[in-house]
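Chemist: Turn this into a structure:
(2 chains)
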Amino acid sequence: MNSPVKGWRDRVFDAAVFFFVCVFVVFVLILIVSDVFYINKKAVVTVLTSRFIIHALWMSIWTSFSTTFISLLFAVPVGYALSRLRFPGRILADAIVDLPIVFPPLVVGLTLLVFFSQTSIGRWIQDDLGLEFVFQPKGIVLCQFVAAASLAIRSSNTAFNDVSRRYENVALTLGCTRLGSFWRVSLPLARNGIIAGGILTWARAFGLFGPLMIFVGSFRGRTEVLSTTIFLEQSVGNLEVALAVALLLIFVALLAITIIRLVGGSALVKR
Amino acid sequence: MIRTEKISFRIGTFHLLNISIEVAAGQYFVLLGPPGSGKSIFLECLCGLRKVDSGKIFIDGRDATFLEPRARNIGYVPQDYALFPHLTVQENIAFGLRVSKYTNKDIIKRTGETAELLGIEHLLSRSVNGLSGGETQRVALARAIIIQPKVLLLDEPVCALDEVTRQEICSQLFFLQRRLGVTVIHVSHNLEEAFSVADRAAILHEGILQQIGSLDELLRKPHSEFVARFMRCENIFSGQVIGPGARPKQTRVKVGNAEINVIGKYNGKLKLVIRPEDVLIYPYAGFCGKGENEICVKLIRLRNYGEYIRMELDGPFSLIAHLTGAVYSELKIEPGADLVAALRPQNIHVLPA
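Modeler: Reported below is the predicted structural model:
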């Protein structure tokens, strides 16, 4: 990349910001490496051979990706509507979208539990419609969705805000309907922001722990995910196994984020 | 082809008020006005990108006031061109055809033809990032004309370009408009642009249409002081009628310490407008006032603008004159020189005070 001619002040500035990059990255790496040195071979074998831990891994993967998919299904229209439509209560709706981000995680679990067990609508959904969430695998997705969807919506909203309306206007004069201009122009231009929101949502959903313990519990072979496995293992004194599961979680997360970045990156829109 | 009847539109404190224009089929119409006068908003109203508060818009005889932009059969080139950054030049140009579900064969053929018409066929496979200003403008134009619109709306299409490219693109726009026979409404704040392309023009100021007509009418017969000043007429004088003129159908007007004959019958106070290039300058030969409307002046300052020499003159009232380089060099004058300025009655336009 071509960069402007730099003076010594510019080099000092570059060095200063690079210093912070190094401190943060090295700090995270040291934490992970210290975990690696703490675990032993037996713990690794236990993790890789345990039917329940493999099941928890699979549960973590499919629930987090399902949550991401559902979140993006909401994030795109909600983000677009908040960016483009003017309706009464828009500012309030905009604030409510961000609310789950500031909820303490436990509150999400408690709120869902109260809703499905203590309100008539919640009981109707569970009992009459037969859509059971409490202590069910479906509940994991719901819990993750409530806790993480706001991140996808906010990213999508910011991405649509960054797309100039002039592009849509020109598309309208070239024969597009609003849907057409959205599909052919706004959505491709907002794609990077939406993908970034998807990554954030997935990361939050994949590592979610607190609300799951309250809303779906951690039943081996049923509602256990990697984050709850770590809790269960360390609570019975298997610290090495807990850390080995944590490293597995970190490895899968790193792999997934890298793949998403590469796939998303190859389709990046050059602006 | 396109007609508006008293269209009004309000946005915040700005008000576009009762704009009525009519542009005939195949005409190149330029809407002039200073920045912030509402030209772009007016164009967006014509496009259907803004819903007018009142009034009617007719395109090709059909009431288009409430038609969606896509149903108006217009081509639109916005001020920043708004090329889609995620598409190549070819995809940008073909956008309208793709939306209308043309076959790939037709799309390739028509895109090639349009690109050739505008001399941009070598750019087709390129990304729109990194195009020069002139190339970007041509691609935006190609994208607008490929759908064969009845009316082409151009919002300051060359304002971001350098002088040479601007002249080149203006010539191309005019050639293209004549070749395609499309009706064009071109919005600009630049007078040179209007002169290089316009069949007719109008001037908009603070949301109000000031005057509509040929460029010659706008130049020679401005309806208001604003129009006169916008058309770069610097000589606008307040005068008082003092009686009939030297000839029939003339009025004698006192301006400063001088008396000037103007064509027509007037009373009371008025304003006289005379274009700087219509002020005739003679060397002072010991007397002045012999000919009609001749006044003695002194050259205060002069400046060479390349195409003309601008002279600031002082006499019974301050006067600006523009001379060609050839005339100026024949006069052989310097600041401080005494001169005679002749203001021919046929060159004086009268405005109400």
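Chemist: wait, doesn't residue B:218 sit right on residue B:203?
Modeler: Yes - applying C-beta atoms under 8 Å as the test, residue B:218 and residue B:203 come out as touching, 6.6 Å apart. Where you see a C-beta, it was placed from the backbone N, CA and C, and this is true even at glycine.
Chemist: Overlap in contacts, the two.
Modeler: B:211, B:227, B:231 (C-beta atoms under 8 Å, 6 or more residues apart in numbering or on different chains).
Chemist: Filter these down to the ones in helices?
Modeler: residue B:227 (DSSP state H).
Chemist: So how do I select the buried members of the shared contacts of residue B:218 and residue B:203 in PyMOL?
Modeler: In PyMOL, this line selects whichever of those come out buried by 16 or more other C-beta atoms under 10 Å in any protein chain shown:
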select buried, chain B and resi 211+227+231
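Chemist: can you list the shared contacts of residue B:218 and residue B:203 in CSV and add distance to chain A and pLDDT?
Modeler: Output for the shared contacts of residue B:218 and residue B:203, formatted as CSV (distance: C-beta to the nearest C-beta, whole Å; pLDDT from 0 to 100):
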residue, distance to chain A, pLDDT
B:211, 28, 94
B:227, 31, 93
B:231, 31, 91
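Chemist: Out of the shared contacts of residue B:218 and residue B:203, the closest to residue B:123 would be?
Modeler: For the shared contacts of residue B:218 and residue B:203, the closest approach to residue B:123 (C-beta to C-beta) belongs to residue B:231, at 37.5 Å.
Chemist: That closest one and residue B:213: what is the separation?
Modeler: Separation of residue B:231 from residue B:213 (C-beta to C-beta, to the nearest Å): 11 Å.
Chemist: Same question for residue B:290.
Modeler: Here residue B:290 is placed at a distance of 36 Å from residue B:213 (C-beta to C-beta).
Chemist: Ok, residue B:275 next?
Modeler: Residue B:275 sits at a distance of 16 Å from residue B:213 (criterion: C-beta to C-beta).
Chemist: Checking the closest residue to residue B:301 other than its chain neighbours next. Helix, strand or coil?
Modeler: Leaving aside its sequence neighbours, residue B:301 sits nearest to residue B:312 (C-beta to C-beta, 6 or more residues apart in numbering or on different chains; 4.3 Å). Reduced to three states with DSSP: H, G, I helix; E, B strand; the rest coil, the structure at residue B:312 is strand.
Chemist: so what pLDDT did residue B:312 get?
Modeler: Listed pLDDT for residue B:312 reads 93.
Chemist: what sits against it?
Modeler: With C-beta under 8 Å, 6+ apart, residue B:312 has these contacts: B:299-302, B:318-320.
Chemist: Quick check: residue B:146 touching residue B:94?
Modeler: Yes - between residue B:146 and residue B:94 there is a contact under C-beta under 8 Å: 7.1 Å.
Chemist: Quick check: neighbours shared by the two?
Modeler: In contact with both residue B:146 and residue B:94: B:110-111, using C-beta under 8 Å, 6+ apart.
Chemist: so what's the residue nearest to residue B:301 bridging to?
Modeler: Beta-bridge partners recorded for residue B:312 (DSSP bridges): residue B:301, residue B:320.
Chemist: For the stretch 51-200 of chain B, which segments count as helices?
Modeler: B:89-99, B:104-117, B:133-145, B:163-180, B:191-197 (DSSP state H, counting those that start in this stretch).
Chemist: circling back: out of residue B:275 and residue B:213, which sits in the busier spot?
Modeler: residue B:275 (21 against 17; other C-beta atoms under 10 Å in any protein chain shown).
Chemist: pLDDT wise, what is that one at?
Modeler: 92.
Chemist: residues contacting it?
Modeler: B:219-220, B:233, B:235, B:347.
Chemist: Output the below-cut-off pLDDT ranges for the stretch 51-200 of chain A.
Modeler: Applying pLDDT under 70 to the stretch 51-200 of chain A flags no residue at all.
Chemist: Which residues of it lie near chain B?
Modeler: Counting by C-beta under 8 Å from any C-beta of the partner chain, the stretch 51-200 of chain A comes close to chain B at A:164, A:166-167, A:169-177, A:180, A:184-185, A:188-189.
Chemist: can you give me the helices in the stretch 201-350 of chain B?
Modeler: Shown for the stretch 201-350 of chain B, the helices assigned by DSSP H, counting those that start in this stretch span residues B:215-220, B:225-230, B:325-331.
Chemist: Touching the longest one from outside, list them.
Modeler: With C-beta under 8 Å, 6+ apart as the contact definition, helix B:325-331 has outside contacts at B:281, B:283, B:302, B:304, B:308-309, B:323, B:339.
Chemist: Flag every buried residue along it.
Modeler: For helix B:325-331, by 16+ other C-beta under 10 Å, it's B:328, B:331.
Chemist: Can you show me the CA trace of that helix as CSV?
Modeler: What follows is helix B:325-331 as a C-alpha-only set of coordinates in CSV (Å, rounded to 0.1, in the frame of the first residue of the first chain):
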residue,chain,number,x,y,z
GLY,B,325,-8.0,42.7,-26.6
ALA,B,326,-7.8,43.9,-30.2
VAL,B,327,-10.0,47.0,-29.5
TYR,B,328,-8.1,47.8,-26.3
SER,B,329,-4.7,47.6,-28.0
GLU,B,330,-5.9,50.0,-30.7
LEU,B,331,-7.1,52.5,-28.1
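Chemist: returning to that earlier point: reformat the helices of the stretch 201-350 of chain B into TSV and put distance to residue B:41 next to each item.
Modeler: Putting the helices of the stretch 201-350 of chain B into TSV (distance: least, C-beta to C-beta, whole Å) gives the following:
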stretch	distance to residue B:41
helix B:215-220	22
helix B:225-230	18
helix B:325-331	41
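Chemist: Enumerate every residue touching residue B:66.
Modeler: residue B:51.
Chemist: if we go to 7 Å?
Modeler: Residues near residue B:66 by C-beta atoms under 7 Å, 6 or more residues apart in numbering or on different chains: none.
Chemist: For residue 244, give me the pLDDT.
Modeler: In the absence of a named chain, this looks at chain A. Residue A:244 is assigned 91 on the pLDDT scale.
Chemist: Sorry, I should have been clearer: chain B.
Modeler: Among the per-residue scores, residue B:244 shows a pLDDT of 85.
Chemist: what number of residues lie near residue 95?
Modeler: In the absence of a named chain, chain A is used. If we define neighbours as other C-beta under 10 Å, then residue A:95 has 9 of them.
Chemist: my bad, chain B
Modeler: For residue B:95, using other C-beta under 10 Å, the count is 25.
Chemist: so it makes contact with residue B:142?
Modeler: No - Residue B:95 is not in contact with residue B:142 according to C-beta atoms under 7 Å; the separation is 10.4 Å.
Chemist: hmm, which of the contacts of residue B:312 are the buried ones?
Modeler: Among those, the ones that count as buried by 16+ other C-beta under 10 Å are B:299, B:302, B:319-320.
Chemist: Just the buried subset of the contacts of helix B:325-331, please.
Modeler: B:281, B:302, B:308-309, B:323, B:339.
Chemist: Just flag the most distant two among those residues.
Modeler: Applying C-beta to C-beta across those, the maximum distance is between B:308 and B:339, 16.4 Å.
Chemist: if we can go back for a sec, distance-wise, check the residue nearest to residue B:301 relative to residue B:348.
Modeler: Residue B:312 sits 20 Å away from residue B:348, going by C-beta to C-beta.
Chemist: and residue B:69, what does it touch?
Modeler: A:172-173, B:47-49.
Chemist: how does it look with 8 Å?
Modeler: Residue B:69 sits next to A:169, A:172-173, B:47-49, B:76 when contact means C-beta under 8 Å, 6+ apart.
Chemist: Among these, name the ones in strands.
Modeler: Applying DSSP state E to the contacts of residue B:69, the entries found in strands are residue B:76.
Chemist: and which of the contacts of residue B:69 is nearest residue B:131?
Modeler: Nearest member of these to residue B:131, counting by C-beta to C-beta, is residue B:76, at 19.1 Å.
Chemist: Identify the residues contacting the spatially closest residue to the closest one that is not a sequence neighbour.
Modeler: Leaving out its chain neighbours, the residue that sits closest to residue B:76 by C-beta to C-beta, 6+ apart is residue A:173, at 4.1 Å. By C-beta under 8 Å, 6+ apart, residue A:173 lies in contact with B:47-49, B:69-70, B:72, B:74-76, B:144.
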